[in-house]
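**Student:** sequence? don't have it. structure:
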């Protein structure tokens, strides 16, 4: 359709003073949440606009309000949405249905749950096409035509052998391929506007880059306008001409991307840009000093000197049996590296690279197939099965997991959760345990009143602080941070990273930082180990790895960090 | 601000002096309740909790202090008072063909019904929770054996077993034979529920995290996995009480229940069927009480379910 391109620059979607409220409960318990307050913005034909904000900022709600996809308790309570001279607020459901798919397409967030697992890919693409052809005035398509169109749509979305792909089921597709299918479905009917709701948040960076690049070329060709919804400022700036920054349901700043990035005016935008890890460039420095007194002396065997390398991993291999299959999966393949004492070592890799498997073996949570891990000079094989030494080891090496909602027992009050390690190791009296607990809360900058609360009453960032406090309870030598900040919003993420860094400086902690996020590595790691398919691709100090990557894979990975080159 | 701002650049008004952005602020005024506290608070707000609770209290009073409601002995029957209608002097709900007081029999009938319902449920829950937890947590060969055991018990014809066993024990009076045979078949659903919950809970990160802290296998099972798996059992078990009471009535209807002249809703229903046409009240009242009691536990279980897992409903 050439008309789309011809219209370029003309107003397509105009939103004025949009209000969205959610209600929960009934009677006197009724709670009304104003999710979007007086939002106004405009999208011109062919323009790429991004709404950026943290979780709860109202960015997704705004997008969903546009095509009336708000969940049950949400309602547009004011304002107007004008889409090519048609008012959508209060419009009949017939009009909205007409616009959905054909006028405004949606690429949903999670490729894993947005395809129906019981239907073939072909059926799902054809369904979307068939539902929309009649809206554009065309006559019904024959089965063969429908199939052909579906194949073309998949091909356009970058899936090869499209005809064969149509016969496959979603589980035969990787996350990236599924996202391509969803993009194919959204663009199959040449909508004027495409809403992409965190389209690649669930994917690895390299896959994300390929898909977004492809999406860029597609919308360029078709002249489709795109509304990105994202929490990633770097991605937003890189992929769109205009930025809309939302905070607590309000648009705090909007305008040309580069201008906002260079001259943010609103304090929130300023803070957000300062915190965005993809744009900041060097390791966080701490002003805190190392208190030698705070350190418990001695390693596993009580030697007072600290070794240069706390952990040495030698030729480590881990093989998994795959249920119902003969061949085995080598998750970690002959891996050798050191974790220097008192420093942060990052293991970076995409999903399936084996980084978490390495971490679990170092934690002694997973058996070793081949090779050795030396902790404080001691071969782990020699002590992990001896009860007293293993217990001592457990007090030396602690872990903080990714999911702040899963790593704290919902039945335990915060105070009890932090005291638990002391109880397990039978350290101190009840009062001493309590004193230590309050001390730790203070260390992670939370008030003492938190002790009586429960995990579900705290935010993700606060829970992650609790998890850190808990990990610190036994004065460990090392903390393994398994994607510990990946689930957090940027500002909270930055706060936690600063905290971790201060604690490291103060307590002389050794960190093993497992992450997929290279931008974060840059902020905290002294050394970086890059893994791919169970093997180490590149290792060295962070500056060298980032500035002079040797291997092609590392370079790819670095190039894929969104927003890395926006400011040139 | 020395920077130039283009026409398209919109900035919302803000107050520079105020610290507009506090990252991840903690609301210190919020009340803290914990899991069970919150469940209780939700339960208290639910009107559907009070209706069954009120009826349950009445039932419990009838179980422990039946003389509050009636001065008449349920086993005292005077043939001269046979088949009196509802509202007859001294007999609020009339009498049976044998001349026993219907109301008195209803009141005293509550005792064996609730005894059986509650004790069978408690025993079933106890064994079900233990077996389910061990199977789910330990996994492997132990899980395989226990799961087969559960399946075997489920596939046994329970109703037939009740009839055969109780037929053999017909001479023995009392509720214990009923409690025993019901309990033998009363643990499987709880065990299966528990096993599924435990399997989900044991893979949660907080359990791994406790392992990394050095907590023992049993410590993890009892301190973390069990408390996080047991809540749904409470709701299901509550609903089961009603089911066991109905089953007791059914068995008594067949004449295999308590035996003798003891008051039992099931036996009253059985006796009343012969005279259904002439004295429908005799059939109606025990049926009504039975249905209300069963409904009480179902509603109570439902309210507990909502309180424990409010998201499931929406």
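**Tutor:** Nice, I can see it. It should be emphasised that the depicted structure is a prediction, and the values quoted were computed from it without experimental measurement. Residues are numbered from 1 along each chain as shown, chains lettered A, B, ... in the order given.
**Student:** so where is chain A shaky, pLDDT-wise?
**Tutor:** Within chain A, the segments meeting pLDDT under 70 span A:1-6, A:25-29, A:134-138, A:277-281, A:287-305, A:564-568.
**Student:** Next up, the contacts around residue A:515.
**Tutor:** Applying CB atoms under 8 Å, 6 or more residues apart in numbering or on different chains, we find residue A:515 in contact with A:346, A:347, A:348, A:355, A:481, A:483, A:485, A:486, A:521. Bear in mind the C-beta positions are built from the backbone N, C-alpha and C, glycine included.
**Student:** which residues touch residue 215?
**Tutor:** In the absence of a named chain, this looks at chain A. A:183, A:196, A:199, A:226.
**Student:** Sorry, I should have been clearer: chain B.
**Tutor:** By CB under 8 Å, 6+ apart, the contact set of residue B:215 is A:420, A:424, B:223, B:224.
**Student:** and the one residue in the stretch 101-250 of chain A that gets nearest to chain B, how many residues sit next to it?
**Tutor:** Closest contact between the stretch 101-250 of chain A and chain B, by CB to the nearest CB, is at residue A:250 (6.1 Å). For residue A:250, the tally of surrounding residues (other CB atoms under 10 Å in any protein chain shown) stands at 17.
**Student:** need the helices for chain B, in chain order.
**Tutor:** All helices of chain B, identified by DSSP state H, fall at B:34-45, B:47-64, B:102-138, B:140-155, B:158-168, B:176-184, B:188-202, B:205-212, B:217-220, B:231-253, B:265-273, B:280-308, B:310-313.
**Student:** Go through these and name the closest to chain A.
**Tutor:** Between these, helix B:205-212 lies closest to chain A; by CB to the nearest CB that is 4.0 Å.
**Student:** Touching the closest one from outside, list them.
**Tutor:** Taking CB under 8 Å, 6+ apart as the rule, helix B:205-212 contacts A:363, A:365, A:394, A:397-399, A:401-403, A:406-409, A:420, A:424, A:467, A:470, B:201, B:219-220, B:223-225.
**Student:** how about a cut-off of 6 Å?
**Tutor:** With contacts defined as CB atoms under 6 Å, 6 or more residues apart in numbering or on different chains, helix B:205-212 is touched by A:363, A:399, A:401, A:403, A:406, A:407, A:408, A:409, B:220, B:224.
**Student:** sorry, back to before: how about the contacts of residue B:215 in a markdown table, adding distance to residue B:33 and neighbour count?
**Tutor:** Listed next are those as a markdown table, based on distance: CB to CB, whole Å; neighbours: other CB atoms under 10 Å in any protein chain shown:
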| residue | distance to residue B:33 | neighbour count |
| --- | --- | --- |
| A:420 | 20 | 23 |
| A:424 | 26 | 20 |
| B:223 | 20 | 21 |
| B:224 | 20 | 24 |
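**Student:** Just flag the most distant two among those.
**Tutor:** By the measure CB to CB, A:424 and B:224 form the most distant pair in the contacts of residue B:215, at 11.6 Å.
**Student:** if we can go back for a sec, I'd like the contacts of helix B:205-212 as CSV, with secondary structure and distance to residue B:11 appended.
**Tutor:** As requested, those are exported to CSV (DSSP: H, G, I helix; E, B strand; the rest coil; distance: CB to CB, whole Å):
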residue, secondary structure, distance to residue B:11
A:363, coil, 48
A:399, strand, 43
A:401, coil, 39
A:403, coil, 36
A:406, coil, 39
A:407, coil, 39
A:408, coil, 39
A:409, coil, 45
B:220, helix, 53
B:224, helix, 49
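**Student:** And those, which is closest to residue A:509?
**Tutor:** Using CB to CB, residue A:399 is the member of those that lies nearest residue A:509, at 12.8 Å.
**Student:** unless I'm mixing things up, that closest one is touching residue A:483, no?
**Tutor:** No. The pair residue A:399 / residue A:483 is not scored as a contact, 11.1 Å apart, by CB atoms under 6 Å.
**Student:** Would you confirm that residue B:238 contacts residue B:301?
**Tutor:** Yes. Contact criterion CB under 6 Å: residue B:238 and residue B:301 qualify, at 3.7 Å.
**Student:** Neighbour count for the two, which is higher?
**Tutor:** Neighbours were counted for residue B:238 and for residue B:301 using other CB under 10 Å; residue B:238 has more, 23 against 20.
**Student:** And the pLDDT for the more buried one?
**Tutor:** Here the pLDDT value assigned to residue B:238 is 92.
**Student:** Around chain B, pick out the residues from the stretch 201-350 of chain A.
**Tutor:** A:252, A:253, A:254, A:255, A:259, A:263, A:265, A:266, A:267, A:268, A:271 (CB under 6 Å from any CB of the partner chain).
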